[in-house]
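Asks: here are the coordinates; sequence isn't available:
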């Protein structure tokens, strides 16, 4: 479990994370969403103790990350897949990490096969493609068979087969009762992978809810109907809060009544229905709607947003204090 309580982080005058609190629970895949510069990567760095918060705290599996005696066995993380010795082979990189935690060589070989790097395991990492680097980063995150897995953009650079593999991997980890926290810019993929969402903007909480509730909250409850008797159906649905917008002679979109109410009205008058479909927003549409203010801030006030460099040399975008 990951517990973040009132975390705030500033870089100079830039507020990267602003009084952020949330809990990532085991047994589900939790997606971490937000516009560019929202503070997602900074939040993950704070959870892992790579940066120190100005206030608040983050604990993983009951204690701060730095207090775990064998952190690889508690938390598997992928923040920057290219943070490896480019002169080492993939196998040697994983072996070096395994030796620090007493992890057997057999686990390294198992993971190399699992992530699909068997044929290039002896090649230098410096020659890896972006997708191959991501696979190695995922292998590193899973090396200690951790209870908690935290991945920042794990499908970046992967082909469709690789993206599908990551989706099934994450869902499998969640089904095993592990805590899975993953960020991604691919909304279509996140909608198929995550069950719960944490959405932030400008370092602040926007939503902490299930994917289903998040999408439903952004939907207008539009119902598409198709009927050879559309005029009669429109008359049957007439009401002060009902809007029927014709799409073509036999089809329309209806707002103000439910699909069930439309079906009942049609049945009562003997009107044939050829289509009755509830139109819901996609996750991408819902995300764009709820983060609109944050997106407008970044585009309209770009000159007011600072890009500063922290002590570790990482660029951080945020809001001016």
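Replies: The structure has been received and is ready for your questions. Note that this is a predicted model, so its numbers are computed, not measured.
Asks: what about the helices in the stretch 1-150 of the chain?
Replies: Ranges of helices in the stretch 1-150 of the chain, per DSSP state H, counting those that start in this stretch, are 40-47, 71-74, 90-100, 105-114, 130-142.
Asks: pick the most deeply packed of the ones you listed.
Replies: When you average the neighbours per residue for each of the helices of the stretch 1-150 of the chain (mean count of other Cβ atoms under 10 Å), helix 40-47 leads with a mean of 25. The way it works is simple: take the backbone N, C-alpha and C, and place the C-beta from them, glycine included.
Asks: other residues contacting that helix?
Replies: With contacts defined as Cβ atoms under 8 Å, 6 or more residues apart in numbering, helix 40-47 is touched by 2, 4, 7, 9, 16-17, 20, 32-34, 51-53, 58, 60, 65, 77, 79, 150, 152, 181, 183, 200, 203, 314, 316, 318.
Asks: how about 7 Å then?
Replies: 2, 4, 7, 9, 16-17, 20, 32, 34, 51, 53, 58, 60, 65, 79, 150, 152, 183, 200, 316 (Cβ atoms under 7 Å, 6 or more residues apart in numbering).
Asks: next one: stretch 100-118
Replies: With Cβ under 7 Å, 6+ apart, stretch 100-118 has contacts from 70, 72-73, 90-91, 94-95, 98, 121, 132, 135-136, 138-139, 142-144.
Asks: part of a strand, is residue 267?
Replies: No: counting by DSSP: H, G, I helix; E, B strand; the rest coil, residue 267 is not found in a strand; it is helix.
Asks: count of neighbours near it?
Replies: Neighbour count of residue 267, defined by other Cβ atoms under 10 Å: 10.
Asks: got any ranges where this protein has weak pLDDT?
Replies: Residues of the chain meeting the criterion pLDDT under 70: 81-82, 219-220, 294-321.
Asks: what sits against residue 57?
Replies: residue 5.
Asks: okay, and the beta partners of it?
Replies: residue 5 (DSSP bridges).
Asks: any idea how far it lies from residue 23?
Replies: Shown here: residue 57 relative to residue 23, a distance of 13 Å by Cβ to Cβ, to the nearest Å.
Asks: cool, and residue 117?
Replies: 34 Å.
Asks: more crowded one of these two?
Replies: Neighbours were counted for residue 117 and for residue 23 using other Cβ under 10 Å; residue 117 has more, 22 against 13.
Asks: from residue 11, how far out is the more buried one?
Replies: Taken as Cβ to Cβ, the span from residue 117 to residue 11 is 36 Å.
Asks: so residue 206 is in contact with residue 197, correct?
Replies: No: with contact defined as Cβ atoms under 7 Å, residue 206 and residue 197 do not form a contacting pair (9.6 Å).
Asks: which of the two has more neighbours?
Replies: Each of residue 206 and residue 197 has its neighbours counted (other Cβ under 10 Å); residue 197 has more, 25 against 21.
Asks: Provide a list of residues in contact with that one.
Replies: By Cβ under 7 Å, 6+ apart, the residues touching residue 197 are 31, 33, 207, 209, 211, 214.
Asks: recalculate using a threshold of 8 Å.
Replies: 30-33, 190, 207-211, 214.
Asks: any of those buried? List them.
Replies: 30-33, 190, 207-208, 211, 214 (16 or more other Cβ atoms under 10 Å).
Asks: just these now: which is nearest residue 223?
Replies: Using Cβ to Cβ, residue 214 comes nearest to residue 223 of the buried ones among the contacts of residue 197, at 20.6 Å.
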